[in-house]
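Enquirer: Return a 3D structure for these sequence lines:
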Amino acid sequence: MLVTGVLGCLMSWVSAMQINVTSPVTHHISSNSKAVAQTIIAVVWYHETKQPLWWSSVMMVVCGALLYAVIRMSEEQTNKSNHDNDSDAYSQKTQTGGQQSRALFSNNKPPEVETDATISDQSQP
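Expert: Next up is the predicted model:
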């Protein structure tokens with residue numbers, strides 16, 4: 001029972017660290033993917049038979065997690081290239097003494113983080 005408590009505490013600590021590094025959505029998807037992987041391993045290990053509907057639901061979760069990972073990777077690549085371009089433009093503006101360089105970094109939040117100000121800015125024509 002002591003081992004279970006220690007492992008549960010460690011898992012909670014690792015989950016909190018993961019949320020600090022990634023986002024709550026990414027943490028949730030990775031937790032669900034881990035649970036599905038454990039379930040698939042258990043079904044294969046114990047030679048259980050499952051209905052086709054069960055397998056289709058498991059495959060939907062796996063495909064959704066893979067799709068999320070691919071989209072996040074492409075967004076990070078796009079954000080990285082945009083940030084590199086913004087950094088180049090920022091250094092050129094600061095070298096020439098331009099004051100528009102601050103506008104380049106005005107909305108530097110991840111795509112899943114939207115504030116009320118961001119939403120109201122998008123709704124105005």
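Enquirer: Report the buried residues of stretch 52-71.
Expert: 58, 61, 65 (16 or more other Cβ atoms under 10 Å). Every C-beta, even on glycine, is put in place using the N, C-alpha and C of the backbone.
Enquirer: In contact with the first one, which residues?
Expert: Remark: with contacts taken as Cβ atoms under 8 Å, 6 or more residues apart in numbering, Val58 is in contact with 36, 39-40.
Enquirer: swap in the last one?
Expert: With contact taken as Cβ under 8 Å, 6+ apart, Ala65 is in contact with 29-30, 32-33, 36.
Enquirer: What's the PyMOL line that selects buried ones from those residues?
Expert: In PyMOL, selecting the buried portion of these, with burial taken from 16+ other Cβ under 10 Å, looks like this:
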select buried, resi 29+30+33+36
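Enquirer: sorry, back to before: so which of the buried residues of stretch 52-71 comes closest to Met11?
Expert: Closest approach to Met11 among these (Cβ to Cβ): Ala65, at 19.1 Å.
Enquirer: In three-state terms, label that closest one for me.
Expert: Secondary structure state of Ala65, per DSSP: H, G, I helix; E, B strand; the rest coil, is helix.
Enquirer: Let's verify Glu48: helix, strand, or coil?
Expert: For Glu48, the assignment made with three-state DSSP gives coil.
Enquirer: Tally up the residues packed near it, please.
Expert: For Glu48, the count of nearby residues is 9 (other Cβ atoms under 10 Å).
Enquirer: Spit out the contact partners of it.
Expert: Applying Cβ under 8 Å, 6+ apart, the residues contacting Glu48 are Ala42.
Enquirer: quick one: the helices in the protein?
Expert: Taking DSSP state H as the criterion, the chain contains helices spanning 2-21, 24-45, 52-96, 116-123.
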